[in-house]
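>>> 3D, please:
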Amino acid sequence: MRETFLCATDATPSSGPALRFALKLAKASAASLLVVHVVEAPPKRGGLASPSQRKMQKQLAERRLLAAKQRLQLQLNEARGPRAGVPVEVVVRAGAVTDAVIELVLAKDVSLVVLGKGRTAGAIAPAAQELARALSRPVVLVPGRRARRASVRVLYPAAKPRRRTAPAARAS
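Residues are numbered from 1 along each chain as shown. Take a look at the predicted model:
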């Protein structure tokens, strides 16, 4: 059975290095790649919305998802280049980034997660930090293209603490 790697991207130029790294890694490992982009849902406003307002909100959300999928496809086509031949599945969802990525990692039995580290050399993006802590899979953090002298970091899940057992009662 083929392994599956996941690359979460925000479809901006700074996430390009993470996508290229994930494609390169998937090709070298003969793995498939799941490329994920999550569109944050706009905050819900209080009060009752009329049916026409709800319809407009739904249409706007659909347009945002379609635009995100098009941006992601462009980024993927640009990053692929010599890494053609890697089976890629593109998923665009609306919602909370961390929840959507964790759900996909579990549903698709992902063995490795590749994330963009952020736009600066020293900082790790908050979403990447949260995902690295929450996932029980190895996470590769790839610096953005503007992060000079930064290196790729691999975070392994913390070993589960062993349960202490009570000493067995001695028979006298």
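>>> can you give me the buried ones in stretch 63-82?
64, 68-69, 71-72, 75-76, 79 (16 or more other Cβ atoms under 10 Å). C-beta: built from backbone N, CA, C; applies to glycine.
>>> what's the average pLDDT for the longest helix anywhere in the chain?
If you go by DSSP state H, the chain has its longest helix at helix 51-80. For helix 51-80, the mean pLDDT works out to 86.
>>> what element comes up after it heading to the C-terminus?
strand 88-94 (DSSP states H and E).
>>> show me what that following strand is in contact with.
The contact list for strand 88-94 (Cβ atoms under 8 Å, 6 or more residues apart in numbering) reads 23, 32-41, 61, 64-65, 68-69, 72-73, 76, 80, 100, 104.
>>> tell me the angle of it relative to helix 51-80?
Orientation of strand 88-94 against helix 51-80 (axes from the mean of the first three to the mean of the last three Cα atoms, to 10 degrees) gives an angle of 150 degrees.
>>> how distant is strand 88-94 from the center of its chain?
10 Å (Cα atoms, centre = their mean, to the nearest Å).
>>> give me the sheet partners of that strand and which way each runs.
strand 32-39 (parallel) (DSSP bridges).
>>> residue ranges with poor pLDDT in this protein?
1, 42-48, 81-84, 118-125, 145-150, 155, 158-172 (pLDDT under 70).
>>> now with 80?
1, 41-49, 80-84, 117-129, 132, 144-172 (pLDDT under 80).
>>> quick one: neighbours of M56, just the number.
When neighbours are defined as other Cβ atoms under 10 Å, M56 has 12 of them.
>>> state the distance from it to T98.
28 Å (Cβ to Cβ, to the nearest Å).
>>> sorry, back to before: so which elements touch the longest helix of the chain?
Using 3 or more Cβ pairs under 8 Å, 6 or more residues apart in numbering; DSSP states H and E, the elements in contact with helix 51-80 are helix 16-29, strand 32-39, strand 88-94.
>>> tell me the most buried of these?
strand 32-39 (a mean of 22; mean count of other Cβ atoms under 10 Å).
>>> alpha carbons only: can I get that one in CSV?
The C-alpha trace of strand 32-39 is given here as CSV (Å, rounded to 0.1, in the frame of the first residue of the first chain):
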residue,chain,number,x,y,z
SER,A,32,1.0,10.0,-2.9
LEU,A,33,0.5,13.6,-1.8
LEU,A,34,-2.6,15.2,-0.4
VAL,A,35,-2.5,19.0,-0.8
VAL,A,36,-4.8,20.8,1.5
HIS,A,37,-6.0,24.4,1.7
VAL,A,38,-8.4,25.6,4.3
VAL,A,39,-10.4,28.8,3.8
